[in-house]
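Visitor: Sharing a sequence plus its predicted fold:
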Amino acid sequence: WYQRRVRGNTVDDVQLPTWANEDSRLLILTHRMALESEYVSQNLHHWIDLVFGYKQQGQAAVEAINVFHPSTYFGIDVEKIENALHREAMKTMVKTYGQNSQTTL
């Protein structure tokens, strides 16, 4: 099932962790059990704060060690960068690392 196409390319060289014993169903089952666990249920809000909430930027992000390169933050307009080399570098960073989601608060 993990040989689906991504951008037109077949993904057929996935290496499963050794504990999965080359069983993709075991991998999914184990991850599903972990995600549905009581621990995750009790702590999910911390992850939401890091990814979407108030710990995404500012002092709360610094204290949570949740800071990234400025080019990865939502809203940066790379086209406004006048220096062509810097503009292309920023575009490459965004393309390589992606951008953080917009804060929902």
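Guide: Sure thing, it's come through.
Visitor: just the strands in this structure please.
Guide: 5-6, 9-10 (DSSP state E).
Visitor: residue ranges with poor pLDDT in this protein?
Guide: 1-8, 103-105 (pLDDT under 70).
Visitor: how does it look with 50?
Guide: Along the chain, the parts satisfying pLDDT under 50 run over 1-2.
Visitor: can you give me the helices in it?
Guide: 24-35, 38-51, 58-63, 84-97 (DSSP state H).
Visitor: Report the buried residues of the shortest one.
Guide: Of the residues in helix 58-63, residue 61 count as buried by neighbour count, 16 or more other Cβ atoms under 10 Å. (C-beta placed from N, C-alpha, C; glycine too.)
Visitor: which other residues reach it?
Guide: 54-55, 67 (Cβ atoms under 8 Å, 6 or more residues apart in numbering).
Visitor: do the same with the last one
Guide: Counting by Cβ under 8 Å, 6+ apart, the neighbours of helix 84-97 from elsewhere in the structure are 68-69, 71-72, 76, 78-79, 81.
Visitor: I'm done for today, thanks for sticking with me.
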